[in-house]
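Undergrad: I need the structure of the sequence given here:
(one chain, ligands or ions: 2)
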Amino acid sequence: MSKKNIIITGGAGFIGSHVVRRFVQNHPDLHIINLDVLTYAGNLENLKDVEKAPNYEFVRIDITDKTAVEALFTSRTIHGVIHLAAESHVDRSITNPIDFVMTNVVGTVVLLNAYKAHADTSAGRFYHVSTDEVYGTLGDDGKFTEETPYDPNSPYSASKASSDHFVRAYHETYKLPMVISNCSNNYGSHQFPEKLIPLMIHNITNNKPLPVYGKGENIRDWLWVEDHARAIETIYFNGKDGETYNIGGNNEWKNIDLVHKLCEIMDRKLGRAEGESAKLITYVTDRKGHDFRYAIDASKLENELGWSPSVAFDQGFDKTIDWYLENTEWLDRVTSGAYADYYQSMYAAR
Ligand code: NAD
Ligand code: TDX
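TA: Ligands and ions are numbered 1, 2, ... in the order given. You can find the predicted model right below:
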């Protein structure tokens, strides 16, 4: 019997590469097609260890390219889609919202149409990977549940909310098998250094200022990326069609406390005097519309599907820092070229 074909979009990105690796290694009965256009955030180096696996294939396609997406869906039977491809950085969405509408909204609808028209929906499903940012912001108390009304504040979260609505609408209208998850902030290896943790690691290593937005009091709920990938695997196989599952780390940190913890660990690992790296902390102009706090109630996923985070933050954070320190070539490569211009435009006048 031939293998079932599963497309994972955005598989060359941060979370996508962890999901692809997990599916390729754990499911030799599936043929995994990594569909990615390789934007600045996509990097096939992230998948070196699985690129020769017999059940892995890479296709370079832009999800907004209807013709190319249709051609893939008609070249063989597609059974499932796990959709992670997106423009994912909030700061970039503030300066260039249109890219976010194109990829996150239009690209998702292109995939949904191809799935509706051509997929074998009896033996797979469309899984849309989304974010807790669609729920807006919390005050000091409470957590986001699956019933929290959508209230997105940034162009990024508005585009993700819109794509979530399209997925839900396709389920209601066309009765297609679909599932959505909304996850909190991920940390781990292979994250592009525009995001808080790898950006700070890179700057500490290079003795550059550490730009903390506003007063550093905003709060995020951090989850080990491998735990997110495992949640996606659990939900893809065992979730209920038409349902949403929240995924979170139950691990809230004020940005400034997280940066201080990182500085302390980096001082030790780099053999610097205590307090040395923290001297680099620089408070800069706040992000526009900066959501104050995110926190996820993941009890539905825990109670119904038996998932829970597996890695304590201290352990995961330490491993993450070690990965960046041991992979300086990766970091150097992704911070060469266009990164310098990005950094200049985002931080120089801040
Ligand atoms: P990322 O920016 O690291 O990777 C995105 C990937 O999508 C890249 O490989 C890029 O090349 C690809 N891509 C972008 N536009 C494309 C297009 N038009 N066609 C084909 N491929 C395209 O993102 P990430 O942080 O790994 O996030 C992955 C998904 O998870 C996103 O949908 C994001 O909204 C969601 N998410 C991220 C987090 C987080 O903390 N990073 C948390 C919750 C949800
Ligand atoms: O230089 C910085 N200084 C700073 O103070 C950066 C890059 C960030 N921050 C703050 C802003 C946030 O409060 O740190 C916090 C985390 O910022 P990001 O890493 O940019 O993540 P966030 O905006 O919270 O969004 C992330 O989590 C949800 C991902 O980028 C999204 O893709 C995901 O959906």
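
Undergrad: is stretch 308-322 in proximity to ligand 2?
TA: No - figure legend: stretch 308-322 not in contact with ligand 2 (Cβ under 6 Å from any ligand atom); closest approach 13.0 Å. Quick note: C-beta positions are derived from backbone N, CA and C, even for glycine.

Undergrad: same thing with stretch 154-163?
TA: No - Stretch 154-163 lies apart from ligand 2 when judged by Cβ under 6 Å from any ligand atom; the minimum separation is 6.8 Å.

Undergrad: please apply the same query to stretch 265-280.
TA: No - using Cβ under 6 Å from any ligand atom, stretch 265-280 never reaches ligand 2; the gap is at least 12.3 Å.

Undergrad: for that stretch, what is the average pLDDT?
TA: Averaged across stretch 265-280, the pLDDT comes to 98.

Undergrad: packing partners of the helix or strand that contains I7?
TA: For I7, the host element (DSSP states H and E) is strand 4-9. Here strand 4-9 touches helix 14-26, strand 30-35, strand 80-83, going by 3 or more Cβ pairs under 8 Å, 6 or more residues apart in numbering; DSSP states H and E.

Undergrad: got a list of contacts for that strand?
TA: When contacts are defined by Cβ atoms under 8 Å, 6 or more residues apart in numbering, strand 4-9 is touched by residues 16, 19-20, 23, 29-36, 63, 72, 76-85, 111, 123-124.

Undergrad: starting at the chain centroid, how far to that strand?
TA: Distance of strand 4-9 from the chain centroid (Cα atoms, centre = their mean, to the nearest Å) equals 18 Å.

Undergrad: re the thing from before, so which of the helices and strands packed on strand 4-9 gets nearest T137?
TA: Closest of those to T137 is helix 14-26, at 22.2 Å (criterion: Cβ to Cβ).

Undergrad: buried set for that closest one?
TA: Of the residues in helix 14-26, F14, I15, G16, S17, H18, V19, V20, R21, R22, F23, V24 count as buried by neighbour count, 16 or more other Cβ atoms under 10 Å.

Undergrad: next, see if that helix gets close to ligand 2.
TA: No - shown here: helix 14-26 not in contact with ligand 2 (Cβ under 6 Å from any ligand atom), separated by at least 8.7 Å.

Undergrad: can you offset everything so residue one is 543?
TA: Shifting the count to begin at 543 puts that one at helix 556-568.

Undergrad: that helix: how far from the chain's middle?
TA: Put simply, helix 556-568 sits 12 Å off its chain's centre (Cα atoms, centre = their mean).

Undergrad: between strand 546-551 and that helix, find me the angle.
TA: 160 degrees (axes from the mean of the first three to the mean of the last three Cα atoms, to 10 degrees).

Undergrad: and for N792, the neighbour number?
TA: Residues near N792, counting by other Cβ atoms under 10 Å, number 18.

Undergrad: is any part of stretch 683-699 close to ligand 1?
TA: No - judged by Cβ under 6 Å from any ligand atom, stretch 683-699 and ligand 1 are separated, with a smallest distance of 7.7 Å.

Undergrad: ends of that stretch, how far apart?
TA: With Cα to Cα, to the nearest Å applied, stretch 683-699 spans 21 Å between its terminal residues.

Undergrad: same thing with stretch 742-757?
TA: In stretch 742-757, first residue to last residue: 16 Å (Cα to Cα).

Undergrad: find the nearest non-adjacent residue to L626, please.
TA: Nearest non-adjacent residue to L626, counting by Cβ to Cβ, 6 or more residues apart in numbering: G552, 3.6 Å away.

Undergrad: how about the one you found, what does it touch?
TA: Contacts were defined as Cβ under 8 Å, 6+ apart; by that measure G552 touches G558, L577, D578, G584, H625, L626, A627, A628.

Undergrad: show me where the stretch 643-792 of the chain has its strands.
TA: Assigned by DSSP state E, counting those that start in this stretch, the strands in the stretch 643-792 of the chain fall at 668-673, 720-725, 727-729, 752-755, 761-766, 786-789.

Undergrad: ok, and what's touching the fifth one?
TA: Outside of strand 761-766, the residues that reach it under the criterion Cβ under 8 Å, 6+ apart are 674, 725-730, 738, 789-797, 800, 834-838, 851-853, 855, 858.
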